[in-house]
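**Student:** mind folding the following:
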Amino acid sequence: MYNPPAFREDRPEILREIMRAARLALVVSAAPDGGIPEATHLPLVLAEDEGPHGTLYGHVAKANPQWRGLAAAGAARAIFAGPEAYVSPSLYPSKQEHGRVVPTWNYVAVHALGPIEVVEDATRLHAIVSRLTDLHEAPRAERWAVTDAPEDFIASQLKGIVGIVLRIETLIGKRKLSQNRAAQDREAVQAGLAASEDARDKDVAAAME
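**Tutor:** As a prediction, this is how the structure comes out:
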């Protein structure tokens, strides 16, 4: 990921916050034959206490050919997207001064890279699925648990997936939030996005605070 110094985010607590907030990640890996890289959208759970940067757990359908590529490549990249918004040049006060402005896009993202393990063991798969389920059921008043379903049914479902465990060795964080603009332009962008009727724009305005 191209990441100029002005937009670089290295604070571990901020990076983990972005990763936790992203409900769906994109797992990218090299193709087994050296062709076009493969990618799958996946919910992942971050175990922050495992390794220097944490460990990611998830699973893919066994029918998805990427898991074989993951096993062969032995490494992958998980991409977590945060708030994003279009920034119109009309928001910049400097447009009135000299007109030398162009559109851009503000966004937040984290890339997690490291070795990856494919899990087919039923016991470990059950633990991964339970961990993911517990995470996303936690906010609900009536929570569903894996143990709510019949054991034989869950066992049959586990046969159709494989787990993935990505041990993060490198974290790359980017918060492109108009830091390269003059203070008056940045403040105007924040105000303009905060006044938008689009919730996504408001999220970026909040991230700029």
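**Student:** now do the buried residues in stretch 182-202.
**Tutor:** By 16 or more other CB atoms under 10 Å, the buried positions in stretch 182-202 come out as 185-186, 188-190, 192-193, 201-202. Where C-beta positions appear, they are placed from N, C-alpha and C, glycine not excepted.
**Student:** run through who's touching the longest helix along the chain.
**Tutor:** Assignment by DSSP state H gives helix 122-137 as the longest helix of the chain. Here helix 122-137 makes contact (CB atoms under 8 Å, 6 or more residues apart in numbering) with 23, 43-45, 57-59, 119, 143-147, 154-155, 158, 161-163, 165.
**Student:** now the angle from the helix or strand hosting residue 56 to helix 122-137?
**Tutor:** Taking DSSP states H and E as the definition, residue 56 sits inside strand 55-61. Strand 55-61 and helix 122-137 are oriented at 100 degrees to each other (axes from the mean of the first three to the mean of the last three CA atoms, to 10 degrees).
**Student:** report the buried residues of strand 55-61.
**Tutor:** Under 16+ other CB under 10 Å, the buried positions of strand 55-61 are 55-60.
**Student:** helices and strands around the helix or strand that that strand is followed by, which ones?
**Tutor:** Going down the chain from strand 55-61, the next helix or strand is helix 66-73, by DSSP H and E. Applying 3 or more CB pairs under 8 Å, 6 or more residues apart in numbering; DSSP states H and E, one finds that helix 66-73 contacts strand 25-29, strand 38-42, strand 104-119, strand 161-167.
**Student:** mind listing residues that contact helix 66-73?
**Tutor:** Contacts of helix 66-73 (CB under 8 Å, 6+ apart): 27, 29-32, 38-40, 60, 76, 116, 118, 162, 164.
**Student:** check contacts around residue 31.
**Tutor:** Contacts of residue 31 (CB under 8 Å, 6+ apart): 37-38, 69.
**Student:** and which of the residues you listed is nearest to residue 10?
**Tutor:** residue 37 (25.7 Å; CB to CB).
**Student:** where does this structure have its least confident helix or strand?
**Tutor:** helix 94-97 (a mean of 77; mean pLDDT, DSSP states H and E).
**Student:** and the residue nearest the centre of the chain, what does it touch?
**Tutor:** Computing the C-alpha centroid of the chain and ranking residues by CA atoms, centre = their mean puts residue 80 first, at 1.4 Å. By CB under 8 Å, 6+ apart, the residues touching residue 80 are 18-19, 22, 25, 109-112.
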